[in-house]
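# pasting a predicted model and its sequence here:
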Amino acid sequence: MKKGLIVLIAAALLAGCAAQPMDGGGGVAASEADSASRERAKAFTDLAGAYYSRTQYKVALDELRKAITSDSHYGPAYNIYGLIYMDLAEDKLADDNFRRAIDLDRNDSDARNNYGWFLCTRGRYDEGLAQFSAAIRNPLYTQPELAMTNAGLCAEKKGDIALAEANLTKALKLQPDSANTLLKLAGLNFRQGRTIEAQRLLGRHDELAPPTAESLWLGVRVERKLGDRAQEAAYALQLRKRFPDSNETQRMLAGQFE
C-alpha cells in the first residue's frame, strides 16, 4: 500500500474520532456512535489486510487490536487474525479466530473460505469441504468460484479425484477467465497423466495472466513430459530469471521433476 493512501486512511480515522453531537434522547447519538465505531474498525481492518498481504504481521496485528478496540463485534477483523495466525502456524489461535468471525456473521463466505482452506491444510478435509459448501450456498457471495477452486484442491488432498475435478470444472464454468482456476485444473490434469489437456489449460492461463513460479514450473514439467525440449528450456529460463529464489526453481535445479 502506498504511503499516501495510509496517510489518507489515518486522517479518516482521526475524523471519525471527533466528538459526536449530543442528543437529548440518546438514540440518534448512540446510533451515530455505533456507526462511527464500525467504520473505524473497518478502516483498521483494511489496513491490517494490506499489511498482511505484505507479510508485515506485527504491524497488521497492531491494526487489528485497534479494530477490535473500536468494535469487538466486527467479524472481518477476526478473519484477518485467523489468516495471520495460520501463516504463523499458531493453529489454536487461527481456529478460534476463524470461528469467531463466522459466529459473528454466519454468511461471511470469505471467512468460511479461509477457514476451509486452513482446515484442509491441517488434514481436516471433511470439515474444510463443509466450510466451502457453506460459502458457496450463500447467494450473496460474489466470488463462489474461489471456494469451488479451493474445494477442488482440498478434495484432491483428500484423495477424491472425481470430486476435485468436479469442483474445479464448476468453478471454471462460473468464471471461464479465472487464471487461478485454469492453473489449478491444469495441475490436476498433469498429475493425473492428462498432459495434453494440462498443456491446453496452461496455454489459456498464460494468455490471461502474467507467469508465476507455479505456472512456469508446471510448464517445464508439461513440456518435458511431451518431449518438447525447446519449450521446456524457454519455461526454465523464465523461471530462473523471474523467480530465482522460489521453491519451484530450487526443485528444478535439483532435478526433482516428479
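Received it, and whenever you're ready, just let me know what you need. Numbers count the residues shown, from 1 in each chain.

# only C-alpha atoms for contact and neighbour calcs from this point on.
Will do.

# tell me where the protein has helices.
3-16, 27-53, 57-70, 75-87, 91-104, 109-121, 125-137, 144-158, 161-174, 179-191, 195-208, 213-226, 229-242, 247-253 (DSSP state H).

# and those helices as JSON lines, adding mean neighbour count and mean pLDDT?
Formatted as JSON lines, these follow (neighbours: other Cα atoms under 10 Å; pLDDT from 0 to 100):
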{"stretch": "helix 3-16", "mean neighbour count": "13", "mean pLDDT": "35"}
{"stretch": "helix 27-53", "mean neighbour count": "19", "mean pLDDT": "87"}
{"stretch": "helix 57-70", "mean neighbour count": "19", "mean pLDDT": "98"}
{"stretch": "helix 75-87", "mean neighbour count": "24", "mean pLDDT": "98"}
{"stretch": "helix 91-104", "mean neighbour count": "19", "mean pLDDT": "98"}
{"stretch": "helix 109-121", "mean neighbour count": "24", "mean pLDDT": "98"}
{"stretch": "helix 125-137", "mean neighbour count": "21", "mean pLDDT": "98"}
{"stretch": "helix 144-158", "mean neighbour count": "24", "mean pLDDT": "97"}
{"stretch": "helix 161-174", "mean neighbour count": "19", "mean pLDDT": "97"}
{"stretch": "helix 179-191", "mean neighbour count": "22", "mean pLDDT": "97"}
{"stretch": "helix 195-208", "mean neighbour count": "18", "mean pLDDT": "98"}
{"stretch": "helix 213-226", "mean neighbour count": "21", "mean pLDDT": "98"}
{"stretch": "helix 229-242", "mean neighbour count": "17", "mean pLDDT": "97"}
{"stretch": "helix 247-253", "mean neighbour count": "16", "mean pLDDT": "96"}
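
# what's the closest non-adjacent residue to A67?
In space, and not counting its chain neighbours, A67 is closest to A41: 4.0 Å by Cα to Cα, 6 or more residues apart in numbering.

# these two touch, right, that neighbour and D71?
Yes - at 5.8 Å, A41 counts as touching D71 under the criterion of Cα atoms under 8 Å.

# on that earlier part again, how close does the residue nearest to A67 sit to G82?
Distance, A41 to G82, by Cα to Cα, to the nearest Å: 16 Å.

# one more: D105?
15 Å.

# next one: L208
31 Å.

# which ones are touching the spatially most central residue of the chain?
In the chain, the C-alpha nearest the mean C-alpha coordinate belongs to N114, at 6.7 Å (Cα atoms, centre = their mean). N114 is in contact with 79, 83, 98, counting by Cα atoms under 8 Å, 6 or more residues apart in numbering.

# for G128, see how far away it is.
Counting by Cα to Cα - N114 and G128 are separated by 9 Å.

# next: A209.
Following Cα to Cα, the distance that separates A209 from G128 is 28 Å.

# got it, and G82?
For G82 relative to G128 (Cα to Cα), the value is 15 Å.

# same question for G116.
In this view, G116 and G128 are 4 Å apart by Cα to Cα.

# go on, A166?
16 Å.

# what sits against A209?
Contacts of A209 (Cα under 8 Å, 6+ apart): A179.

# start at 158 instead
Understood, numbering begins at 158; the last thing we discussed is A366.

# can you report how many residues lie near G412?
G412 is flanked by 9 other residues according to other Cα atoms under 10 Å.

# whoops, I mixed them up, D402
Neighbour tally, D402, other Cα under 10 Å: 12.

# got phi/psi on it?
For D402, the backbone dihedrals are phi -100, psi 10 (criterion: degrees, to the nearest 10).

# just the CA coordinates of stretch 211-227, formatted as CSV?
Output in CSV follows, covering the C-alpha atoms of stretch 211-227 (Å, rounded to 0.1, in the frame of the first residue of the first chain):
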residue,chain,number,x,y,z
ARG,A,211,3.0,-7.8,2.5
THR,A,212,3.7,-10.3,5.4
GLN,A,213,4.1,-7.5,7.8
TYR,A,214,2.4,-9.5,10.5
LYS,A,215,3.4,-7.4,13.6
VAL,A,216,2.0,-4.2,12.1
ALA,A,217,-1.1,-6.0,10.9
LEU,A,218,-1.7,-7.4,14.4
ASP,A,219,-1.3,-3.9,15.8
GLU,A,220,-4.0,-2.6,13.4
LEU,A,221,-6.3,-5.5,14.3
ARG,A,222,-6.1,-4.7,18.0
LYS,A,223,-7.2,-1.2,17.2
ALA,A,224,-10.1,-2.6,15.1
ILE,A,225,-11.3,-4.8,17.9
THR,A,226,-11.0,-2.0,20.4
SER,A,227,-13.2,0.1,18.2
